[in-house]
Every structure is written in structure tokens, then in C-alpha cells.
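Engineer: any chance you can model this:
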Amino acid sequence: MTDEPPALPPRHSFDYVPMDEPPTIWSVISALLKQPGQVVYELLQGRASAVLGALALVAVASLALYGVVVGSLAGGAQYWIAPVKIVGGSAVAALICLPSLFVFLCLNGADARLRHVAGLMIASICLMAILLMSLAPIAWIFSQSTDSVALMATLHILLWIVALGFGLRLLSKSAVLAWSGASSRLGVWTCIYVLVCLQMMTAVRPIVGTATTFLPQEKQFFLVHWMHVIGGANSR
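Structural biologist: Below is the predicted model of the structure:
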């Protein structure tokens, strides 16, 4: 009889261990999707610079590609305007909400450093961006079937909500994994982040449609703007 090698213990997605491979773009994407605990470990105790650079690059590229699909409804200049606004708006929203995320985590028991919190936030945004890119073909087929800005805006928001849910779940679990004993209660901060993102979309409008200027000439709350969009669609 031959001795069989001992069975390896099962791997769980949030095992706090180093990455099995060098931190290339593809290995970081694979770890983020399959073993996010490895990404958290590298950001806090391992090869943080390489992993963070890969995450940021993938996030920007994925959001830009999704922006091209968003701009395909109107075509023309929107092919580059929409990606620029989506990438820029996402970055500004993250910077605005990063200080409050750091404070909320500390209040919930995390002995956190700002650079570590920023790394986890970039990882969650990267996951959101990858999910949006994977959903881009669905958005594209609808953009080729309708000219309604209100309909496509609604669809893009729904897809964004799906991706946001996975990204915030990763952020919450990563916080508990990174700082044992820290609470994952980030409901208030989540509401703040969603409101900031929605207002940022309005501040850099239009993203789906077209306009005579790159940025709007008047300030508007996102609910007021959305009612105008829906009202215009109903009147037509």
C-alpha cells in the first residue's frame, strides 16, 4: 500500500494569509475575487505597494471601460467624457468619504491607520469596478435598443447598486479581519457614502446624456435632478 499525502485543510475566502503568487495584476484580481483575505493581509502586513498599485490600476481601467459603455448611448464625445467623469467622480467621492470611514472604524474598535483604511477602501472600489465591467455587456445591449436617457440612467444605477453591495460587504468583512474585535457596523457610513456618490453623479452631469458644456452651469440636489429627468421622460 502506498502512503497517500495528508489532505490539505480547506481554504476559506477570508483566510488571513499571504498571497500564493507574486502580486501581479492577474494574481491580485484572482485573489480579490476568490481569496480576498489574502489581499487584506498583503495590504496590512505584506507587499502593500505592489498590491495597492495593481488594485488602483484595475479599478481605473475597469471604470473607464464601463464608462465607454455608458457613453455609447449618446456616442460622439461621450465615449471619452463619460469614462473621465466616472473615474474622476469615483476618486473624488472616495477621497471625500475616506476620513469619515477612518473615524467610524476607530469608533467601532479598530486600531486602524489611515493608509490601511485607504487600502481596504481601494480594494472594495476595485471589486465594484470589476463587477461593473462584468455587467457592461448587459448595459451595452440596452443602450443599443433605446434612446431613453431616463431608462438607461435607471439601469446604470441598478447595476451600480449591485456592485456597491458586494464592495461594501468586502469592506465590512475586511475591517473585521484586519482588526480583530472591531465591529463591522458601518450602516451610517454606508448611507453617507451612497449619498455622496449620488450627489457626485449629479455634480458632474451629464454622464449618460449630452450637454453643451462639460460640467453643469447650475447647482442641483440629486433628487431634484432625478425628478427633472423622470418628468422630462414622462412628458415625452
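Engineer: for the rest of this, base every contact and every neighbour count on C-alpha atoms.
Structural biologist: OK.
Engineer: residues contacting residue 215?
Structural biologist: Each residue near residue 215 by C-alpha atoms under 8 Å, 6 or more residues apart in numbering is listed here: 203, 204, 205, 206.
Engineer: neighbours of residue 128, how many?
Structural biologist: Residues near residue 128, counting by other C-alpha atoms under 10 Å, number 25.
Engineer: and the strand or helix carrying it, what's buried?
Structural biologist: Using DSSP states H and E, residue 128 falls within helix 114-143. Within helix 114-143, the residues scored as buried using 16 or more other C-alpha atoms under 10 Å are 116-133, 135-136, 139-140, 143.
Engineer: which helices and strands does the helix or strand hosting residue 159 pack with?
Structural biologist: Assigned by DSSP H and E, residue 159 belongs to helix 149-178. Identification of packing neighbours for helix 149-178 by 3 or more C-alpha pairs under 8 Å, 6 or more residues apart in numbering; DSSP states H and E yields helix 36-45, helix 114-143, helix 222-235.
Engineer: after the first one comes which helix or strand?
Structural biologist: It refers to helix 36-45. Next helix or strand after helix 36-45 toward the C-terminus (DSSP H and E): helix 48-71.
Engineer: any buried residues in the very next helix or strand once past that following helix, and which?
Structural biologist: Per DSSP H and E, the first helix or strand lying C-terminal to helix 48-71 is helix 78-107. For helix 78-107, burial by neighbour count (16+ other C-alpha under 10 Å) applies to 78-90, 93-94, 97-98, 101-102, 104-106.
Engineer: helix 149-178 and helix 78-107, what's the angle between them?
Structural biologist: Relative orientation of helix 78-107 versus helix 149-178 (axes from the mean of the first three to the mean of the last three C-alpha atoms, to 10 degrees): 30 degrees.
Engineer: flag every buried residue along the helix holding residue 159.
Structural biologist: Of the residues in helix 149-178, 149-150, 152-153, 155-156, 159-160, 163-164, 167-168, 170-178 count as buried by neighbour count, 16+ other C-alpha under 10 Å.
Engineer: likewise stretch 31-47?
Structural biologist: 31-32, 35-44, 46-47.
Engineer: between the two ends of that stretch, what distance do you get?
Structural biologist: Distance across stretch 31-47, first residue to last, is 14 Å (C-alpha to C-alpha, to the nearest Å).
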